[in-house]
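# here you go, sequence then predicted model.
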Amino acid sequence: MAERRMIWLGLALLLLCGGFLAWHLRAPYGFILELRAAKLGALICVGAATGTATILFQTVAMNRLLTPEIVGFDSLFVLLQTLLVMLLGGVGLAQVPGALRFALETCLLMGAAALLFGGLLRSVSGDVTRLILTGVILGLLLRGMAEMLQRLLEPSDFAVVQQAMFATFGRVDEAQLAVSAVILCLALLASLRMAPALDVAGLGRDTARGLGLRHDRVVLVALMLAAALISVSTALVGPITFLGLLAASLARQLTDTHRHAILLPSAAIIGALILVAGQFVFERLLQRQSALSVVVELFGGLLFLFLVLRKGPR
């Protein structure tokens, strides 16, 4: 049953992608299709990466309320953008080659995640709770530093930083998109190969170790995969905090399974569905240019409050 639902989700995504590309298509067909394909690719990559990363993170954290952004990815990205604008200025930053800027942002985000995950897990012997608490404090610290530095910027430079604080799919570089797609595919394949180990890791550290699983190693690899996925998607379009929570929660509800071989691809498909459907409604049906990320954050925040306030096991 779960496999059949996953297949239906995949078919729905394919149909929606076809509608996104072909809706009211006019000449010049090649040019318009190229623009739409680049935007569609970005929507799929970001949605799939965020959904997969959230399932990985929730499994090792043993908590369905958490998302990878809780460890400060969004705050680190905003601080990085602020520092780049302070050093280069708004005009100077615009002159930096897109590929170089993308590589720099991705490497810095992944490097920070490697230091946090690797160093902290070794020092606390796999204490994921302390890792999460440290990430929350780190996120608050980075956000406070970014806000302090933003007060020193000129209004025109601050506008550049403010624009980077919200995810946008209208300025996606095709070379960056290609690199992101390759990293996404490799991370998804690695996650699927880990699916049986993740099923056992979800039972808890003591139980997993009793069954012979090298739990700390599995947790570290899963967290690094999540870090890579979130780093790439954030560097590509900007931060979307609650998209992963929406995708992961819907994947668990619709598939009604604990098997990661089903959960991981289902969350990836649903994450892509949310973004493609939202962009299709805003751009094609309503003829609006509203920021999709704002709407996703609204519904994701409401879902987060519902999950926190409802009774019963999480």
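Happy to help now that I have it. Numbers count the residues shown, from 1 in each chain.

# return the helix or strand in this protein with minimum mean pLDDT.
Between all helices and strands in the chain, the lowest mean by mean pLDDT, DSSP states H and E belongs to helix 120-124, at a mean of 60.

# give me the residues contacting stretch 292-306.
Stretch 292-306 is contacted from outside by 65, 166-169, 238-243, 245-246, 249, 274-275, 278-279, 282, using C-beta atoms under 8 Å, 6 or more residues apart in numbering. C-beta: built from backbone N, CA, C; applies to glycine.

# so which bits of that stretch are buried?
292-293, 296-297, 300, 303-304 (16 or more other C-beta atoms under 10 Å).

# likewise for stretch 141-159?
In stretch 141-159, the ones that count as buried by 16+ other C-beta under 10 Å are 142-143, 145-146, 149-150, 153, 157-158.

# then stretch 272-288?
Buried residues in stretch 272-288, counting neighbours by 16+ other C-beta under 10 Å, are found at 272-280, 282-283.

# how about stretch 17-26?
17, 20.

# send over that stretch as CSV, restricted to the C-alpha atoms.
Taking C-alpha atoms only, stretch 17-26 is exported to CSV below (Å, rounded to 0.1, in the frame of the first residue of the first chain):
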residue,chain,number,x,y,z
CYS,A,17,5.6,19.3,-14.0
GLY,A,18,4.1,18.8,-17.5
GLY,A,19,1.4,21.4,-16.7
PHE,A,20,4.0,23.8,-15.3
LEU,A,21,6.0,23.7,-18.6
ALA,A,22,3.1,23.7,-21.1
TRP,A,23,0.5,26.0,-19.5
HIS,A,24,-0.2,28.9,-21.9
LEU,A,25,3.0,28.2,-23.8
ARG,A,26,3.6,30.8,-26.5
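
# from Gly135, how far off is Arg205?
Separation of Arg205 from Gly135 (C-beta to C-beta, to the nearest Å): 18 Å.

# who has more neighbours, those two?
Applying other C-beta atoms under 10 Å to Arg205 and Gly135 shows that Gly135 carries more neighbours, namely 22 against 18.
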